[in-house]
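Asker: this one's structure only:
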């Protein structure tokens with residue numbers, strides 16, 4: 001983490017997290033984004049959920065029909081370059097941008113289920129510098145609201161602590 005990159009105010013803009021799951025609806029990543037904003041607010045951090053910047057290109061469908069479905073989003077659409085971050089901060093009057101993805105895979109069978117969950121979050125400052133990355137790995141279902149909410153609470157507490165102690 002680059003503590004020198006933590007400058008300015010404490011207003012954040014969250015670009016809705018993407019779903020990178022093979023068998024999960026986008027609703028889980030959207031709910032996580034909403035929970036993250038809620039817990040940032042409870043920590044005294046002002047913010048908003050923003051739509052993707054107009055300069056962020058929407059991933060095109062995969063034209064190579066194979067095992068991967070033709071509608072799967074590109075895996076790196078959540079990574080922002082400095083110009084995209086600057087534009088989002090300007091449009092939303094924010095000091096920081098948070099983005100990332102939610103992943104959940106269910107495998108196995110009814111008698112022997114296997115599950116893996118993960119969330120990656122990226123915090124950028126208004127100059128476009130990535131300040132910190134955060135990761136959650138677990139085997140609890142993020143479809144369950146309380147599990148998703150708890151991870152969002154932990155992430156928000158950590159982000160609020162970083163911004164308060166800059």
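Answerer: It's in. These figures come from a predicted structure and were not determined experimentally.
Asker: nearest residue to residue 113 in space, please, no chain neighbours.
Answerer: Closest residue in space to residue 113, ignoring its immediate chain neighbours: residue 106 at 6.8 Å, by Cβ to Cβ, 6 or more residues apart in numbering. Every residue, glycine included, has its C-beta placed from N, CA and C.
Asker: check the one you found and give its pLDDT.
Answerer: For residue 106, the model assigns a pLDDT of 82.
Asker: list the contacts of it.
Answerer: With contacts defined as Cβ atoms under 8 Å, 6 or more residues apart in numbering, residue 106 is in contact with 23, 113, 114, 115, 141.
Asker: sort out for me which of these are in strands.
Answerer: The strands, defined by DSSP state E, take in 113, 114, 115 from these.
Asker: mind putting those in a markdown table, pLDDT and neighbour count included?
Answerer: Shown next, in a markdown table, are the ones in strands among the contacts of residue 106 (pLDDT from 0 to 100; neighbours: other Cβ atoms under 10 Å):
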| residue | pLDDT | neighbour count |
| --- | --- | --- |
| 113 | 82 | 10 |
| 114 | 83 | 10 |
| 115 | 84 | 15 |
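Asker: mind putting those in JSON lines, distance to residue 166 included?
Answerer: JSON lines is the format used below for the ones in strands among the contacts of residue 106 (distance: Cβ to Cβ, whole Å):
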{"residue": "113", "distance to residue 166": "43"}
{"residue": "114", "distance to residue 166": "41"}
{"residue": "115", "distance to residue 166": "37"}
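Asker: between those, which is nearest residue 39?
Answerer: residue 115 (24.0 Å; Cβ to Cβ).
Asker: the closest one pairs with what?
Answerer: residue 106 (DSSP bridges).
Asker: SS state for residue 148?
Answerer: Look at residue 148: counting by DSSP: H, G, I helix; E, B strand; the rest coil, its state is helix.
Asker: could you measure from it over to residue 108?
Answerer: 22 Å (Cβ to Cβ, to the nearest Å).
Asker: who has more neighbours, the two?
Answerer: Set side by side, residue 148 and residue 108 show more neighbours around residue 148, with 24 against 9, by other Cβ atoms under 10 Å.
Asker: pLDDT wise, what is the more buried one at?
Answerer: 93.
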